[in-house]
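> Pasting a predicted model and its sequence here:
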Amino acid sequence: MKRINNYPVTAWVLMALLFTACLTSCKKNDGYIKEVSNDLSKPATVTNVKVKNFNGGAYITYDLPNSDNLLYVQAEYRINDKTTRQTKSSYYSDTVTVDGFAKSQDYDVTLYSVSRANVKSDPLTVKVHPDQPYYQLIKSTLAITSDFGGVNIKALNPAKRDVGIVLLDFQKSTQALEVADQHYTNTDTLNYSVRGYQAVPQQFGVYVTDKFGNISDTTLVTLTPIFETLLNKANFAVYKTPTDSQTAYGWEVPYLWDNKTDGYSNGWHTAPGGAAPMQVTFSLGVSAQLSRFILWERPDQYAYGHGNPKDFSIWGSNVNTPQDMRLPDYAPVGTVMGDWVNIGNYHYPNPPSGLTPGFTNAADAAFVAAGVNFNIPPGSTPIKYFRFMVHTTWSNGDFAHMMELSIYGKPQ
């Protein structure tokens, strides 16, 4: 027999009311309320207007008109020769912010009071005079110099504003400067290199842009990139020292230069329980002034975890048979200890996604799998022997591992 549920009439009424309430609560709110008034009268303008300028913009404060029909105050203004902006501030606030101005000069800002029926007041023009925009301040600190295989660009961005640094190079095909690289950032210090150039004189240009489309003047220079090459891994050789870490699981030192970076091949792996720092030393087979190296950590499920290096140092020696010694955990670049010199201290970049290690995403895994470039400070002393010291790993464990190292520089 079919079972029939019999509900009282009052229950059906309650269910209908709940369904209607759900439909109402799920309506999208776009922020500013749409037209909710039939009052088409023109609102009064704001009064008692005051301006407080800041870098690239201004705060405009005012007294609101005494009207229950007011919805927001709108500011319209040109920030450069091409772009007009519009910003709004609700009737809950007495301030509207205008920004994105290209220069430190007088600009007209037109204010409107806007009613709930979308009726504008008469225009009220206010003058602002922003302080120097951040993109110009950053440009004043910018420096471009020769680097191994290319150019190095430095600049300061203490306010951590969103900016882009655009590098131009001269193209023979067009006989003009063309965009070669675009570097977008909001970090307080910019220091990066663009490589892939021959060691011959060539013309470069660099300028700064911001999120509003403003563009600084262009610095033009002629520079000769410093010669660099990938050191021949066929010349690398094990140089086992007493302070080097014991290896384990068949992951031996020569796997660091076998050009295999996948997660299935062997790399270098220290034995668990060893003393910190975890370290490996090997011969480059040639004396070279190093410019940079690329590190491939163990990828896939091990990315940002397990024994992958987090903080590490590079030491080197140019002595034919350097004497081993226990080097300090941390030392400034250039520190000399016996036959060894510190040529760099490093922190492996945090996950690009901003996620916590252990909870990273596919983009973070791809970043690790691609290998990460680390620059050697300019002017480093030539070395024949390369020592990699791991101070901490992403798991804070007592072992370390990595897949591959590619080392670049100028053989002597």
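Cool, got the structure. Numbers count the residues shown, from 1 in each chain.
> Can you pull out the low-pLDDT segments for the chain?
Scanning the chain with the threshold set as pLDDT under 70 gives 1-35.
> With just CA atoms, put the longest strand seen in it into PDB.
The residue-count maximum for a strand in the chain (DSSP state E) belongs to strand 278-296. What follows is strand 278-296, C-alpha atoms only, in PDB (Å, rounded to 0.1, in the frame of the first residue of the first chain):
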ATOM      1  CA  MET A 278      73.200  19.500   6.300                       C
ATOM      2  CA  GLN A 279      75.900  20.100   3.700                       C
ATOM      3  CA  VAL A 280      77.500  18.900   0.500                       C
ATOM      4  CA  THR A 281      80.800  19.900  -1.200                       C
ATOM      5  CA  PHE A 282      81.900  19.300  -4.700                       C
ATOM      6  CA  SER A 283      84.400  20.500  -7.300                       C
ATOM      7  CA  LEU A 284      83.400  22.600 -10.300                       C
ATOM      8  CA  GLY A 285      86.400  21.400 -12.300                       C
ATOM      9  CA  VAL A 286      87.300  25.000 -13.100                       C
ATOM     10  CA  SER A 287      87.800  28.300 -11.300                       C
ATOM     11  CA  ALA A 288      84.900  30.600 -12.100                       C
ATOM     12  CA  GLN A 289      83.300  33.800 -10.900                       C
ATOM     13  CA  LEU A 290      79.800  32.700 -10.300                       C
ATOM     14  CA  SER A 291      76.800  34.800 -11.300                       C
ATOM     15  CA  ARG A 292      73.800  32.600 -10.300                       C
ATOM     16  CA  PHE A 293      72.500  29.100  -9.800                       C
ATOM     17  CA  ILE A 294      69.200  27.300 -10.400                       C
ATOM     18  CA  LEU A 295      68.000  25.000  -7.600                       C
ATOM     19  CA  TRP A 296      65.500  22.200  -8.300                       C
END
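> Check which residues of it are buried.
Applying a neighbour-count criterion of 16 or more other CB atoms under 10 Å, the buried positions in strand 278-296 are 278-285, 287-296. Quick note: C-beta positions are derived from backbone N, CA and C, even for glycine.
> which residues touch the closest residue in space to residue 105 that isn't next to it in sequence?
Sequence neighbours aside, residue 129 is the residue nearest to residue 105 in space, at 6.6 Å (criterion: CB to CB, 6 or more residues apart in numbering). Contact partners of residue 129, counting by CB atoms under 8 Å, 6 or more residues apart in numbering, are 53, 58, 104-107.
> doesn't residue 207 make contact with residue 177?
No - with contacts defined as CB atoms under 8 Å, residue 177 does not count as touching residue 207, sitting 10.5 Å away.
> Overlap in contacts, these two.
Listed as contacting both residue 177 and residue 207 by CB under 8 Å, 6+ apart are residue 168.
> quick one: the helices in the stretch 301-412 of the chain?
For the stretch 301-412 of the chain, applying DSSP state H, counting those that start in this stretch gives helices covering 362-369.
> Likewise for the stretch 1-150 of the chain?
Under the criterion DSSP H, counting those that start in this stretch, the stretch 1-150 of the chain carries helices at the ranges 9-25, 134-139.
> helices or strands next to the last one in the packing?
Just to be clear, that refers to helix 134-139. strand 150-156, strand 163-171, strand 202-210 (3 or more CB pairs under 8 Å, 6 or more residues apart in numbering; DSSP states H and E).
> What angle do strand 150-156 and the last one make with each other?
Translated: strand 202-210. Relative orientation of strand 202-210 and strand 150-156, computed by axes from the mean of the first three to the mean of the last three CA atoms, to 10 degrees: 30 degrees.
> likewise the second one?
Angle between the axes of strand 163-171 and strand 150-156 is 150 degrees (criterion: the same axes, to 10 degrees).
> quick one: strands adjacent to strand 163-171?
Applying DSSP bridges, strand 163-171 is found paired with strand 176-185 (antiparallel), strand 202-210 (antiparallel).
> ok, and what's touching that strand?
Contacts to strand 163-171, defined as CB under 8 Å, 6+ apart, come from residues 134-135, 138, 142, 144, 151, 153, 155, 157, 176-186, 190, 194, 197, 202-211, 218.
> how about a cut-off of 7 Å?
Defining contact as CB atoms under 7 Å, 6 or more residues apart in numbering, one finds that strand 163-171 is touched by 135, 138, 153, 155, 157, 177-185, 190, 194, 202-210.
> Same check on stretch 346-361?
303-305, 309-312, 363-364, 367, 372, 374, 394.
> switch to 10 Å and redo it
293, 295, 297, 303-305, 308-314, 362-368, 372, 374-375, 388, 391-395 (CB atoms under 10 Å, 6 or more residues apart in numbering).
> ok, for residue 178, nearest residue in space, not its chain neighbours?
Ranked by CB to CB, 6+ apart and with sequence neighbours excluded, the top spatial neighbour of residue 178 is residue 171, at 4.7 Å.
> Can you tell me how far that neighbour is from residue 205?
The spacing between residue 171 and residue 205, counted by CB to CB, to the nearest Å, is 12 Å.
> For these two, indicate the residue with more neighbours.
Higher neighbour count among residue 171 and residue 205: residue 205, with 18 against 12, using other CB atoms under 10 Å.
> The more buried one - nearest residue in space that isn't next to it in sequence?
Nearest residue to residue 205, sequence neighbours excluded (CB to CB, 6+ apart): residue 168, at 3.7 Å.
> List the beta-bridge partners for the one you found.
Under DSSP bridges, the beta-bridge partners of residue 168 are residue 179, residue 205.
> how close does it get to residue 200?
Distance from residue 168 to residue 200, counting by CB to CB: 17 Å.
> out of the two, which sits in the busier spot?
Comparing residue 168 with residue 200 by other CB under 10 Å, the one with more neighbours is residue 168, at 19 against 8.
> before we move on, back to that, ok and the longest strand of the chain relative to strand 150-156, angle-wise?
100 degrees.
> Per the annotation, how does this protein divide into domains?
Using automatic domain parsing, the domain parsing of the chain gives 47-128, 134-226, 230-411.
> Quick one: these as JSON lines, columns for distance to residue 36 too.
What follows is the domains of the chain, written out as JSON lines (distance: least, CB to CB, whole Å):
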{"stretch": "domain 47-128", "distance to residue 36": "5"}
{"stretch": "domain 134-226", "distance to residue 36": "33"}
{"stretch": "domain 230-411", "distance to residue 36": "39"}
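> need the contact list for residue 380.
By CB under 10 Å, 6+ apart, the residues touching residue 380 are 289-291, 314, 316, 333-334, 341-344, 409.
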